[in-house]
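In: sequence first, then the predicted structure:
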Amino acid sequence: MSLPQPIGKYRWTICALLFVATTINYLDRQVLSLLQPALEEEFNWTNTDYANITAAFQFVYAISMLFAGRIIDRLGTRWGFALAIIIWSVAAMIHAVAIPIGQGTVAILGIVGISGLSFSVVGFIVSRSFLGFGESGNFPAAIKATAEYFPKKDRAFATGIFNSGSNVGAILAPLTVPWMAYHWGWQSTFIGVGAVGFLWLIFWFWFYEKPEKQKRLSAAELAYIQSDEEIVDVPADKEEEKAEKVPWVKLLGYRQTWAFAIGKFLTDGVWWFFLFWLPAYLKAQYGMEGTAIILPLAVLYSMTMFGSIGGGWFPMYYIKKGYTPYDGRMKAMLIIALFPLLVLAAQPLGGISFWIPVVLIGIGASAHQAWSANIFTTVSDMFPKITVASVTGIGGMAGGMGGVVMSKTGGAVFDHYASIDDITTGYTIMFSVCAVAYLLAWVIMKSLVPKMKLVNLKD
């Protein structure tokens, strides 16, 4: 009797590449938030100024997500992902010359009669806009690669692993950025972190190819990857051509698209808020800045690792009990949505020690990562692979717009309450919004798609 042939593990090499790319993605986007207290003093920014800078990133990121998914569906994962990381790495580095960029931009705006803008604010808005454009390609490409290399039952776990790169990036950033800024100046942080993306490209081109063309895959592993392959009416080498024939308008006609997009809109802004405003919160509430924020932020984002990986594993418990992948995921997401409610206690108990809000917000942020690993995977549960990046892009655009709303709202709320010397109330309001967002999102998603239903593009 012959022993069964080992399946092989090459698909996890691809998952590792996605993990590293996501780590770099979050390193690049978090540099500014860690420098915000120092740059605020150097350039006399208000909370609204900073909110406008972060909102510019989120707005461009959101709009670009719509096109990023489409472009990646057309270019394919290999070249689409490479183009995205080249653009965002260059954009990250040009933050170092934000002031000259701002001077040139303000001069141009002055010609058309727009004046009174700060060089620093405009320069960082331009730099952040280019960064948002490039970074918009990360998740559509990573989700598409996951759909290509993993069967449906493994995708949430694989997504949780690569998505944990956002946590690692968030951990590495406070460990490196304040130190680099202190020793070499704030410009060095943007240049150094931005350059890392070009190193990743070498490994991406070396190791990545579509499974059907990947010579490093065993026949057994390829068969495992394709074990639940949906049936399409076109050859595999014509997938991009098929994708081009599925317009956005048609995708927007499905309840599944709206469930994903609304879920992202209501919850992505929470993560953006934590990512961009926590250093400012620690300064405003506890007078902590510079290297003093390294340990609490490192602890907080280390906690999110458990949420990201555990959240990807969690629905497997229900799937093994006989639930469909979507229904098992939604069951898990309901439980996950309860944990952010603990953030409601961050401000009332924050007077005891800064560690209490750090831990409670860490639990909320960890729950977000668990939620994120699952909501991303609902796309590949419900849609054919040829449209996964496009639908992910639509949802990403909605999530980015949710981030814009949270940033602008946060900036206005904080400036208002700072003006009456009551910044604590401002953070209480924003933390309350963050706490209830997931339950609201779950109720709407479940209402739109009560049970698993695979989209049929012929309908």
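Out: Everything's here; your move. Predicted model only: the values in this text are computed from it and were never measured.
In: in the chain, what secondary structure element scores lowest on mean pLDDT?
Out: helix 239-244 (a mean of 44; mean pLDDT, DSSP states H and E).
In: for whatever helix or strand comes next after it, packing partners?
Out: Counting by DSSP states H and E, the next helix or strand C-terminal to helix 239-244 is helix 248-251. On a contact count with 3 or more Cβ pairs under 8 Å, 6 or more residues apart in numbering; DSSP states H and E, helix 248-251 meets helix 388-419. No exception for glycine: its C-beta is placed from N, CA and C like everyone else's.
In: next SSE downstream of the helix it packs on?
Out: Remark: after helix 388-419, the chain's next helix or strand is helix 423-448, criterion DSSP H and E.
In: tell me how far that following helix lies from the chain's centre.
Out: 18 Å (Cα atoms, centre = their mean, to the nearest Å).
In: run the angle between that helix and helix 388-419 for me.
Out: Computed with axes from the mean of the first three to the mean of the last three Cα atoms, to 10 degrees, the direction of helix 423-448 lies at 150 degrees from that of helix 388-419.
In: helix 423-448 packs against which elements?
Out: Contacts defined by 3+ Cβ pairs under 8 Å, 6+ apart place helix 423-448 against helix 255-286, helix 325-336, helix 346-349, helix 355-382, helix 388-419.
In: list the buried ones in it?
Out: For helix 423-448, burial by neighbour count (16 or more other Cβ atoms under 10 Å) applies to 423, 426-431, 433-438, 441-442, 444-445, 448.
In: neighbours around Trp204, how many?
Out: Using other Cβ atoms under 10 Å, Trp204 is surrounded by 18 other residues.
In: beyond the helix or strand where it lies, next helix or strand please.
Out: Taking DSSP H and E as the criterion, the element that holds Trp204 is helix 186-207. Later in the chain than helix 186-207, the nearest helix or strand by DSSP H and E is helix 219-225.
In: ok, and what's touching that next one?
Out: The contact list for helix 219-225 (Cβ atoms under 8 Å, 6 or more residues apart in numbering) reads 5-11, 148-151, 211-212, 214, 217.
In: show the buried residues in those.
Out: Buried by 16+ other Cβ under 10 Å: 8, 10-11, 148-151, 211, 214, 217, out of those.
In: closest to Trp271 among those?
Out: Here the nearest of those to Trp271, counting by Cβ to Cβ, is Phe150; it sits at 23.6 Å.
In: quick check: buried residues in stretch 88-102?
Out: With burial defined by 16+ other Cβ under 10 Å, the residues of stretch 88-102 counted as buried are 88-96, 98, 101-102.
In: start to end distance for it?
Out: End-to-end distance for stretch 88-102: 19 Å, by Cα to Cα, to the nearest Å.
In: so what touches that stretch?
Out: With contact meaning Cβ under 8 Å, 6+ apart, stretch 88-102 is reached by 24-25, 28, 31-32, 118-124, 126-128, 130-131, 133-135, 137-138, 187-188, 190-191, 193-198.
In: re the thing from before, let's see which of the buried residues of stretch 88-102 end up in helices.
Out: Applying DSSP state H to the buried residues of stretch 88-102, the entries found in helices are 88-93, 98, 101-102.
In: got the contact list for the residue nearest to Trp442 when sequence neighbours are not counted?
Out: Nearest residue to Trp442, sequence neighbours excluded (Cβ to Cβ, 6 or more residues apart in numbering): Ala337, at 4.8 Å. Residues in contact with Ala337 (Cβ under 8 Å, 6+ apart) are 367, 371, 438-439, 441-442.
In: where does Pro450 sit: helix, strand or coil?
Out: Three-state call for Pro450 (DSSP: H, G, I helix; E, B strand; the rest coil): coil.
In: since that was my last question, I'll sign off now.
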